[in-house]
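**Q** Build the 3D model from these lines:
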Amino acid sequence: MESVEPVRSAVRIAELIRGNPSYSRLFSQNDDLRVWESIRTEDRYRELKRAMEHHLREYGDRGLEELKLENETLRENPASLIALIRNYVLMGLSVDNMESQEQSMRQDAERTVRQNLRNVVLRLLFLIVVRNARRAIANRENMRFDRSRIYGVFRRIFRRMGELFARQGILEQPSDLFYLTVEEVFGYVQGTAVTQDLKSLVELRKREYSRFAEGALDERIQTDGIPYRNSFRAAVKEGPAARELRGIGCSTGIVVGKAKVVLDPREANGTNGQVLVARSTDPGWVFLMISSKGIVVEKGSVLSHTAIIGRELGIPTIVGVKDATTLIPHGSTISIDGSTGVIQWQ
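**A** Numbering: from 1, shown residues only. Model prediction:
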């Protein structure tokens, strides 16, 4: 499945580094920027440079929150790839282990089918449905990957426009372009803009965005009359008396580890063997998911992106856990059962 190929590519680079003492020293003795500059400019790292350039060329548009045009991807900030690979090197991840875990889970599932569907006709029908479902799911995930590439093209176009606007003094800095609407950007270029003072408009948007960031919204919002005259404050959620939650188990296995509650993936800096707890994930979270011991998310079903990637990576995963990010304390010792969907913490 193409959605996991970027991770396999990064893990292969990590394997290359672990197998070469010179590469290992480079990563252990320098920060991310220095590592990238050394790889880019020093001939002794040419094999590693080729591997990195191949990854950036093929998967450079894949990253955290990759469908937000204002966010930098690996293509815009190659040094961020160094941080990801560094985690994989330290964790000892390998493609063979990933594939072995996936194969083991598939064999367990097939064994369960044989034990519970003894009728040959029913088993045959079930296998036909499973085969078609696998094909459909793979197509859906591959389309998401292609979508990321298309977004990458538009991201580069708008970033270039931001650079030109800043160079001509229309904006203070290139990234300010992303505080404007598409109509406002092209309206200025075509001479149909309602206002020419884009700098003031950007400052207004920045103030509004800072207020938005302070708010917390309910899962479901209902308005009456003018939407902006309604209160969108989320109700305060109280934790359960028993330290236990239940969701939909969709990738088998039992693990115990420290809970890492992630609301903003850009600030997560890896999970390093912890249990990832999040509201939801998108394809850009795969780099974060692979370094997790287990995964718990508030949204999703057995066919959701989180569930599919959890199974693909062989990581115990539970989805559909209401209010998990607010009820499970960050840093607590958490136990999850990917078969039953039971979550307990201390």
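
**Q** What's the local residue count around N30?
**A** Number of residues near N30 (other Cβ atoms under 10 Å) recorded here: 14. Just so you know, the C-beta spots here come from the backbone N, C-alpha and C atoms, and that holds for glycine as well.

**Q** Phi, psi for it please.
**A** Main-chain torsions, N30, degrees, to the nearest 10: phi -140, psi 160.

**Q** any idea how far it is from I309?
**A** Note on N30: its distance to I309, by Cβ to Cβ, to the nearest Å, is 31 Å.

**Q** immediately after the helix ranked longest in the chain, which helix or strand?
**A** The longest helix of the chain (DSSP state H) is helix 120-167. Per DSSP states H and E, helix 120-167 leads on to helix 182-190 as the next helix or strand towards the C-terminus.

**Q** Can I get that following helix in PDB, CA atoms only?
**A** Output in PDB follows, covering the C-alpha atoms of helix 182-190 (Å, rounded to 0.1, in the frame of the first residue of the first chain):
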ATOM      1  CA  VAL A 182      -7.600  32.400  -2.700                       C
ATOM      2  CA  GLU A 183     -10.000  35.100  -4.000                       C
ATOM      3  CA  GLU A 184      -8.000  37.800  -2.100                       C
ATOM      4  CA  VAL A 185      -4.700  36.600  -3.600                       C
ATOM      5  CA  PHE A 186      -5.800  36.400  -7.200                       C
ATOM      6  CA  GLY A 187      -8.000  39.500  -6.800                       C
ATOM      7  CA  TYR A 188      -4.900  41.500  -5.900                       C
ATOM      8  CA  VAL A 189      -3.000  40.100  -8.900                       C
ATOM      9  CA  GLN A 190      -5.900  40.700 -11.300                       C
END
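
**Q** Who are the packing partners of that helix?
**A** helix 198-214 (3 or more Cβ pairs under 8 Å, 6 or more residues apart in numbering; DSSP states H and E).

**Q** next helix or strand past the helix it packs on?
**A** Sequence order places strand 244-246 as the next helix or strand after helix 198-214, per DSSP H and E.

**Q** Give the buried residues for that following strand.
**A** Burial within strand 244-246, assessed by neighbour count using 16 or more other Cβ atoms under 10 Å, is assigned to L245.

**Q** before we move on, back to that, mind giving me the packing neighbours of the longest helix of the chain?
**A** Helix 120-167 sits against helix 95-116, helix 305-313, with contacts defined as 3+ Cβ pairs under 8 Å, 6+ apart.

**Q** any idea of the mean pLDDT in the shortest one?
**A** The average pLDDT within helix 305-313 is 85.

**Q** wait, what's in contact with the one residue sitting closest to the centre of the chain?
**A** Central residue of the chain (Cα atoms, centre = their mean): W285, 1.0 Å from the mean position. By Cβ atoms under 8 Å, 6 or more residues apart in numbering, W285 lies in contact with L64, P265, A278.

**Q** try 10 Å this time
**A** Counting by Cβ atoms under 10 Å, 6 or more residues apart in numbering, W285 makes contact with 63-66, 262, 265, 268, 276, 278, 292, 295, 297, 305-306, 309.

**Q** So which of those wins on neighbours?
**A** Taking other Cβ under 10 Å as the neighbour criterion, I295 ranks highest of these with 30 neighbours.
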